[in-house]
Each structure stands twice: as C-alpha cells, then as structure tokens.
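1. curious how this folds, go ahead:
(one chain, ligands or ions: 2)
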Amino acid sequence: MADKKIAIIGGGNLGSAIAEGLLKSGFSKPGSITVTKRNTATLAALRDKGVHIESDNAKAISEADVVVVALKPYNVKEVLSELRASFDAKKQILISVVTGVLLDDLEKITLPGLPIFRAMPNTAIAIQESITCICGRNMTDEQTSFVKEMFDQLGVTVSIDEKLMDAATVLGACGIAYALRFIRANIQGGIEIGFDAATANLIAAQTVKGAAELLIKGNRHPEAEIDKVTTPKGCTIAGLNEMEHQGFSSSLIKGITASYDKIVKG
Ligand SMILES: NC(=O)C1=CN([C@@H]2O[C@H](COP(=O)(O)OP(=O)(O)OC[C@H]3O[C@@H](n4cnc5c(N)ncnc54)[C@H](O)[C@@H]3O)[C@@H](O)[C@H]2O)C=CC1
Ligand SMILES: O=C(O)[C@@H]1CCC=N1
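-> Residues are numbered from 1 along each chain as shown. Ligands and ions are numbered 1, 2, ... in the order given. The predicted structure is shown next:
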C-alpha cells in the first residue's frame with residue numbers, strides 16, 4: 001500500500017509540506033513521490049531528497065496511483081479540467097486539499113465515478129503533527145483505509161461529513177495561525193516582564209504544547225485543567241479575568257466565525 005505512486009499537483013506551502021511529511025514518516029520512498037509546479041526552482045530541496053520534480057501535470061497524473069491536488073482554490077477548475085484525459089477512474093484516487101471546492105465540483109471537472117476525497121490538513125503536516133479531516137465519494141473501504149493510513153502518518157485523522165469541511169478548515173487549518181498568534185502575544189508579554197525573546201519563545205511554545213498534551217493525552221476538559229492552576233486570590237485568576245474583561249474568548253470566537261464567513265460567503 002505504502003508504495004503507491006503519489007503525484008502532488010501544486011508544490012506550494014501545503015503540497016511541499018505533504019511531501020516532506022510523507023518522506024519523514026517513511027510512508028513513501030522519495031522515488032514514489034512526484035511534485036509539480038510551473039516554476040520548479042523552489043522545489044530544489046525536495047529534488048535533492050530524491051523526489052521527482054515535474055512541471056508537466058499530465059505526465060505526473062498519468063503515472064500516479066494517488067493524485068493530491070494542492071492548488072489555490074481559484075485555479076483548480078482551470079487546471080484540472082484540462083487534465084481530465086490523464087485520470088483513470090478505475091485505478092486512481094484523487095485527494096483534494098483545496099479549500100471550498102466541493103466533491104461534486106471535483107467530480108464534474110475530472111471524471112464521473114472517480115474516487116475522490118477531500119482532506120483538510122494543516123501545515124504541521126510537515127512535522128507529522130497535522131489534524132486532518134477527510135470525507136469522500138465513489139470510494140471503496142480499502143481506498144478509505146489507504147487515505148486514512150496516509151494521513152495517519154502525518155498526524156491525526158478524523159472522518160467527517162462534507163458539510164463540516166469548511167468548519168474543519170477554520171478550526172484545524174486556520175487554527176495553526178490563531179495558535180501561533182497566541183504564542184507570539186505571550187512572547188511579547190514575556191519580554192515585557194523580563195525574558196529575552198528566545199527564552200520567552202521557548203517557554204511560551206513549550207507551555208502551549210504541554211497544555212495541549214494535557215487535553216490530548218489526559219482526555220480532559222480545558223476548564224478542569226484551568227481549575228488546577230487558579231489558586232484562590234492568586235495571580236492566574238487575576239490575569240485570566242483581566243483577559244476576559246478585554247474580550248479574549250469573545251475575540252477568538254468572533255475571529256473563528258469571521259474566517260468561516262469568509263469561506264462560506266466569500
Ligand atoms: N496553507 C495552509 O495552511 C492550508 C492550505 N490549504 C489549501 O491548500 C491549497 C494550497 O495552499 P497553499 O499551499 O498555501 O498555496 P500555495 O500558493 O503555496 O500553493 C499552490 C501552488 O500551486 C502552484 N501552481 C499554480 N498553478 C499550477 C499549475 N498549473 N500546475 C502546478 N502547480 C501550480 C503554485 O505555484 C503554488 O506553488 C489551497 O487551496 C488552500 O486553500 C488547506 C489547508 C491548509
Ligand atoms: O487562509 C486560507 O485561505 C487557507 C485555508 C486554510 C489555511 N489557509
């Protein structure tokens with residue numbers, strides 16, 4: 001299974017990160033991956049690792065068992081509809097990581113009956129720490145297992161209904177940026193109370209990692225863990241309440257719904 005030939009169409013941020021993750025996990029051999037881009041100069045690091053780098057999408061697709069589309073939403077239709085003849089509905093799987101392009105649209109611009117998955121990972125896929133939400137159509141159970149196994153190498157995979165794919169994009173993919181901005185604000189605060197930037201960065205990032213692991217490994221609710229930190233009349237509750245007075249949770253919720261509206265309403 002792991003030796004399937006994988007063509008990644010669109011070697012940008014996410015396409016390259018997927019290739020890096022597949023290599024690091026050992027799921028794919030370098031020679032089993034092809035990454036395409038119009039200007040291939042920026043893919044030299046992958047080429048140096050033995051990945052095929054290609055500007056000819058038709059060639060990459062026709063030689064692949066699995067085609068991962070990582071193009072921008074606005075050029076998917078134009079690029080894929082010209083490549084229709086390169087697909088084989090009997091032999092191939094198409095996986096799209098493109099935001100907002102429906103399974104229905106993908107089938108219309110490729111081939112009727114082509115097994116198609118939508119996957120929504122995030123950029124932590126490059127270090128095998130993504131959360132990836134998947135859904136699909138026209139697929140066999142074996143193909144679903146393959147796609148799940150592939151993304152399981154790259155983090156944690158959840159199967160969802162397609163109607164939740166936009167919500168998955170916001171919480172999982174945009175969520176990386178929200179979390180990093182939270183860490184950056186902690187660093188700025190940490191410098192103001194005495195740390196140098198590098199030490200503040202390490203403390204803030206490791207603290208967020210520890211907090212996340214308490215939930216993931218301990219299967220706990222955040223508030224139960226917060227209760228353990230908030231000493232009565234202590235400094236944590238004083239800081240937390242001031243953050244809430246300033247609209248901390250509210251600003252995050254509003255940001256999440258603004259991102260969602262941008263996908264849904266444009
Ligand atoms: N960046 C992220 O965190 C996430 C992005 N996505 C989705 O993944 C998709 C890709 O996003 P990014 O990697 O951030 O964008 P990107 O702009 O970095 O990558 C797209 C790549 O496609 C290439 N490209 C354009 N036309 C091409 C063609 N005809 N043939 C081959 N390659 C071509 C571009 O040169 C570019 O490198 C988008 O649809 C985005 O919505 C999904 C989850 C997370
Ligand atoms: O900002 C965006 O539109 C894309 C989708 C998810 C992450 N980046």
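2. tell me where the protein has helices.
-> Assigned by DSSP state H, the helices in the chain fall at 13-25, 44-48, 57-62, 76-81, 103-109, 141-152, 165-168, 175-192, 197-218, 222-229, 235-245, 248-265.
3. for V97, find the nearest of those.
-> helix 13-25 (5.8 Å; C-beta to C-beta). In this view, the C-beta of every residue, glycine as well, is placed from N, C-alpha and C.
4. and the angle from the closest one to helix 141-152?
-> 90 degrees (axes from the mean of the first three to the mean of the last three C-alpha atoms, to 10 degrees).
5. quick one: helix 13-25 to chain centroid distance?
-> Centroid separation for helix 13-25 versus its chain: 11 Å, with C-alpha atoms, centre = their mean, to the nearest Å.
6. is it anywhere near ligand 1?
-> Yes. Counting by C-beta under 6 Å from any ligand atom, ligand 1 is contacted by helix 13-25 at 13-15.
7. which of those residues count as buried?
-> Among these, those classed as buried by 16 or more other C-beta atoms under 10 Å are 14-15.
8. burial measure for A119, as a count.
-> Burial of A119 is recorded as 27 neighbouring residues (other C-beta atoms under 10 Å).
9. pretty sure it contacts K148?
-> No. Using C-beta atoms under 8 Å, A119 is not in contact with K148; the gap is 9.8 Å.
10. what do those two both touch?
-> Counting by C-beta atoms under 8 Å, 6 or more residues apart in numbering, the contacts common to A119 and K148 are I134.
11. burial of the residue in the stretch 151-266 of the chain that ligand 1 sits nearest to, as a residue count?
-> For the stretch 151-266 of the chain, the residue closest to ligand 1 is A173, as judged by C-beta to the nearest ligand atom, at 3.6 Å. The local packing of A173 (other C-beta under 10 Å) involves 23 other residues.
12. could you do C174 as well?
-> Neighbour tally, C174, other C-beta under 10 Å: 18.
13. how about the stretch 1-150 of the chain: which residue is closest to ligand 2?
-> For the stretch 1-150 of the chain, C-beta to the nearest ligand atom, closest residue to ligand 2: T99, 4.3 Å.
14. which residues touch that residue?
-> 73, 120, 166, 169, 173, 263.
15. mind checking which of the residues you listed are buried?
-> 120, 166, 169, 173, 263.
16. ok, which of those residues also contact ligand 2?
-> 169, 173.
17. OK, contacts around whichever residue of the chain sits closest to ligand 1?
-> The nearest approach of the chain to ligand 1 comes at G12, 1.8 Å away (C-beta to the nearest ligand atom). Each residue near G12 by C-beta under 8 Å, 6+ apart is listed here: 37, 70, 72.
18. quick one: which of those residues is most hemmed in?
-> Among the contacts of G12, the one with the most neighbours (other C-beta under 10 Å) is A70, at 26 neighbours.
19. the nearest residue to K29 once chain neighbours are set aside: what's it in contact with?
-> Here the nearest residue to K29 in space, its sequence neighbours aside, is D3; by C-beta to C-beta, 6 or more residues apart in numbering that works out to 7.0 Å. Taking C-beta under 8 Å, 6+ apart as the criterion, D3 is in contact with 28-29, 32.
20. mind checking which of those are buried?
-> Applying 16+ other C-beta under 10 Å to the contacts of D3 flags 28, 32 as buried.
21. output the contacts of D3 in CSV; the columns should cover pLDDT.
-> Shown next, in CSV, are those (pLDDT from 0 to 100):
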residue, pLDDT
S28, 95
K29, 96
S32, 98
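22. and the contacts of D3 as a markdown table, adding distance to K91?
-> Putting the contacts of D3 into a markdown table (distance: C-beta to C-beta, whole Å) gives the following:
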| residue | distance to K91 |
| --- | --- |
| S28 | 18 |
| K29 | 20 |
| S32 | 15 |
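23. what is the nearest of the contacts of D3 to A7?
-> S32 (10.0 Å).
24. so what's that closest one up against?
-> 3-6.
25. swap the cut-off to 6 Å and go again
-> Residues near S32 by C-beta atoms under 6 Å, 6 or more residues apart in numbering: 3, 5.
26. which bits of this structure sit near ligand 2?
-> Counting by C-beta under 6 Å from any ligand atom, the chain sits next to ligand 2 at 99, 169, 173-174.
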